[in-house]
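K.L.:
I would like the atomic coordinates for the input below:
(2 chains)
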Amino acid sequence: MDALSALLTTLQPVNIFACLIGALVGTLVGVLPGVGPTGTMALLLPLTFTMGPTAGMIMLAGIWYGAQYGGSTTSILVNVPGESASVVTTLDGYQMARKGRAGAALAAAAIGSFVAGTISIMALQLFAPPLAEVAVAFGSAEYFSIALLGLIILSNLSGKSYLKSLIMALLGVMLSTVGMDPVAGVERFTFNTVDLLSGFGFVPVVMGLFGVAEILSSMDEPEQNKEVMNVRFRELYPTKEELRRALPPMFRGGILGFLVGLVPGPAAGARRYAGSFPILCG
Amino acid sequence: MDKRGELASSIVLVAFGIGYFIYATNYAWDSLANPGPGFLPCIIGALFTLLSIRLMLGALPRKSKQAWQEATATTEGKDRKSKMMPLLIVLILIIYILILEWAGYIPSTFLLIFTGIKVMGERTWLKPLLIATGLVVFTYFLFIVWLQVPLPQGKLIPIGGI
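P.N.:
I've put the predicted structure just below:
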C-alpha cells in the first residue's frame, strides 16, 4: 500500500508539473557539453528551494532525467557526448543522424530511456533487497572482468583494424594511470603537477576526443555539409520498422541496466556498453 | 590514412610507449600476489610499445621502392592549405589553453571562435565576429547572470567572475 500511496502523491498535478519543469530545464542545461546530470542538479538546486520537499525531490528527479537526455541530444546531432553515459549514444545515434534519421534517433533515445527507466524502477521497487546482497558481493575480480570485457568490446567497436583500436584502448589505460595510484597512494606520471594528482577527468578527455576529432575530420572533407541536422517535428516519429527494431534493445537495456546499475561504481557508462554489446555482436 | 602518415604516427606511438615504459620502471613492481604501483604501467607500456612496433612494421615499405612511392603518391594531389588546416586548429587550441588563465574565459573564447572560423576558410569578417560575440554573450548571461557560476577570470580583462 505504501507504494500505491506514493504513486498517487506523485501523480498530483503540482508534482507532475514540477517534474515537467525539471525535465525541461534539465534538458536545456544538460545539452551544454561537460555539464552532466550531477552538475545540472547542482546548478539548478536553487530552483527547488521554494517548493515543498516532495515537489522538490520530484523536480530534481526530472532534472536528472532531462540532463541525461540532453547529453544524448548532442551525441546524436553533433557527435559530442555531453557526459560520460552518453558516449555510447554517439556510436549509433550519430550514424543515424548522418543518414538523415536524426529525429528518429532522438525519439528512440527518449522512448528507450522511458521504457528502460520504467522497467528498472519497477524492478528496483520489487527486488532491491535480495539483489543488493549480490551487488555488495562484487569484488575486485568481478570489477576486473567487467573492465576487461569493456576493453574487448571496445577493440571490436571501431571496426577496421583490431591492432589500431587495441593500441588506442591501451593508450586510454595509460592515460588512466596518471595521478594518485588508488592502491598504494603513489603519485604516477604527475611530474610534480598538482592538477594531475587526481588524474585526467573522464568528461574532458571524451569531449576533446570526440569534439576535436569531429572538427578535424569535418575539415578534411569540406564539401560535405556537416552542420547541425535540421529536425522537423514530423520526422521525430520513428518508422514502424525502426520501432520494431528498437523495441527488443529497449527491454534488454532496461533489464541489463537494472542489473548493472545495482553494482556500486561508475555504472551509467558501463551499463550502456553492456547494453550495446548484443547489438554489436548481432 | 595513407601509408606515410601511418608510418609517421606509429613512430610517434613507439617513442611514446618507450618513454612511458622507461618512466614506469621508476615505480615499485613488488610481487605478482601483491602488485605495486609500477605493475600495471609496466605491462601496459610494454604491450603498447610492442603493438605500436607491429603497426610500424606493417606501414614500412614492403615490396619495391616503386610500389611504396605509388602508395604514398596518392595524397600529393591535395592542396597544401587543407593539409595545414588541422595543424592550425590544433595550434589555436593550444594557444587558447595557454592564454586562458591570463586573459580569462570570455576574451580568450571570443578569440578562439573568431580565429577558428577564419582559419576554416570564412572570407567575410562580419559572420565570425557575430558568431563569436553571440556565443560569448550567451555564455555570459547563462552562466554568470542566470546560474551564477564563475568562469575563469583573467588578469587582463577582469570579466567572468561574480
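K.L.:
For the residue lying closest to A:Phe49 once chain neighbours are set aside, give me the pLDDT.
P.N.:
Using Cβ to Cβ, 6 or more residues apart in numbering or on different chains and skipping residues adjacent in sequence, the residue nearest A:Phe49 is A:Gly56, 7.8 Å away. Every residue, glycine included, has its C-beta placed from N, CA and C. If you check A:Gly56, the pLDDT there is 87.
K.L.:
check contacts around A:Gly56.
P.N.:
Residues near A:Gly56 by Cβ atoms under 8 Å, 6 or more residues apart in numbering or on different chains: A:Ala18, A:Thr48, A:Phe49.
K.L.:
Give the closest residue to B:Lys155 in space, chain neighbours not counted.
P.N.:
B:Trp102 (5.8 Å).
K.L.:
Give me the distance between that neighbour and chain A.
P.N.:
To chain A, B:Trp102 is 16 Å away according to Cβ to the nearest Cβ, to the nearest Å.
K.L.:
What helix or strand is that residue located in?
P.N.:
helix B:80-103 (DSSP states H and E).
K.L.:
For the chain, which segments are assigned as helices?
P.N.:
Assuming you mean chain A. Taking DSSP state H, the helices of chain A run over residues A:2-10, A:13-30, A:37-44, A:53-78, A:87-98, A:102-136, A:140-157, A:162-176, A:202-207, A:213-220, A:240-262, A:267-281.
K.L.:
ah, I was thinking of chain B
P.N.:
With helices called from DSSP H, chain B shows them at B:3-24, B:39-59, B:65-72, B:80-103, B:105-119, B:126-139.
K.L.:
Now do the longest one: which elements does it pack against?
P.N.:
Counting contacts by 3 or more Cβ pairs under 8 Å, 6 or more residues apart in numbering or on different chains; DSSP states H and E, helix B:80-103 is packed against helix A:213-220, helix B:105-119.
K.L.:
ditto for the fifth one
P.N.:
Counting contacts by 3+ Cβ pairs under 8 Å, 6+ apart, helix B:105-119 packs against helix B:80-103, helix B:126-139.
K.L.:
ok, and what's touching the last one?
P.N.:
Helix B:126-139 is touched from outside by B:Tyr105, B:Ile106, B:Thr109, B:Phe110, B:Leu111, B:Ile113, B:Phe114, B:Ile117, B:Lys118, B:Glu122, B:Leu151, with contacts defined as Cβ under 8 Å, 6+ apart.
K.L.:
Considering these, which member attains the minimum pLDDT?
P.N.:
Scoring these by pLDDT puts B:Glu122 last, at 74.
K.L.:
Backbone dihedrals for the residue of chain B most remote from its centre, please?
P.N.:
When distances are taken from the C-alpha mean of chain B, B:Ala33 lies farthest, 38.3 Å away, according to Cα atoms, centre = their mean. For B:Ala33, the backbone dihedrals (degrees, to the nearest 10) come out as phi -70, psi -30.
K.L.:
Distance of it relative to chain A?
P.N.:
Distance from B:Ala33 to chain A, counting by Cβ to the nearest Cβ: 13 Å.
K.L.:
Okay, domains of chain B per the record?
P.N.:
B:3-77, B:80-146 (automatic domain parsing).
K.L.:
Run through chain B and note the low-pLDDT ranges.
P.N.:
B:1-2, B:62-83, B:156-162 (pLDDT under 70).
K.L.:
Relative to A:Val29, how far out is the residue in chain B positioned nearest to chain A?
P.N.:
Nearest residue of chain B to chain A (Cβ to the nearest Cβ) works out as B:Pro37 at 4.0 Å. From B:Pro37 across to A:Val29, the span is 39 Å (Cβ to Cβ, to the nearest Å).
K.L.:
circling back: and of the helices of chain A, who's closest to A:Leu196?
P.N.:
Nearest to A:Leu196 among these is helix A:162-176; the distance by Cβ to Cβ comes to 10.9 Å.
K.L.:
and the angle for that closest one with helix A:140-157?
P.N.:
For helix A:162-176 against helix A:140-157, the angle between stretch directions is 140 degrees (axes from the mean of the first three to the mean of the last three Cα atoms, to 10 degrees).
K.L.:
count of neighbours near the closest residue to A:Met41 other than its chain neighbours?
P.N.:
Among residues not flanking A:Met41 along the chain, A:Ile63 sits closest, at 5.4 Å (Cβ to Cβ, 6+ apart). Residue neighbour count, defined by other Cβ atoms under 10 Å in any protein chain shown, stands at 31 for A:Ile63.
K.L.:
so A:Ile63 sits right up against A:Ala23, yeah?
P.N.:
Yes: judged on Cβ atoms under 8 Å, A:Ile63 makes contact with A:Ala23 at a distance of 7.1 Å.
K.L.:
Pull the contacting residues for B:Trp146.
P.N.:
Per Cβ under 8 Å, 6+ apart, neighbours of B:Trp146: none.
K.L.:
what does A:Phe189 give?
P.N.:
A:Thr177, A:Val178, A:Gly179, A:Leu196, B:Tyr23, B:Pro41.
K.L.:
Can you give me the neighbour number for residue 38?
P.N.:
You didn't say which chain, so I picked chain A. Neighbour count for A:Thr38, taken as other Cβ under 10 Å: 11.
K.L.:
Let me rephrase: I mean chain B.
P.N.:
By other Cβ under 10 Å, neighbour count at B:Gly38 equals 22.
K.L.:
Please name the residues that touch it.
P.N.:
B:Gly38 neighbours (Cβ under 8 Å, 6+ apart): B:Ala24, B:Thr25, B:Asn26, B:Tyr27, B:Ala28, B:Trp29, B:Asp30.
K.L.:
out of the residues you listed, which is most surrounded?
P.N.:
Result: B:Ala24 is most packed of the contacts of B:Gly38 (other Cβ under 10 Å), 23 neighbours.
K.L.:
circling back to that earlier point, would you mind giving the helices and strands packed on helix B:80-103 as a markdown table with distance to A:Val206 added?
P.N.:
Below are the helices and strands packed on helix B:80-103 laid out as a markdown table (distance: least, Cβ to Cβ, whole Å):
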| stretch | distance to A:Val206 |
| --- | --- |
| helix A:213-220 | 11 |
| helix B:105-119 | 20 |
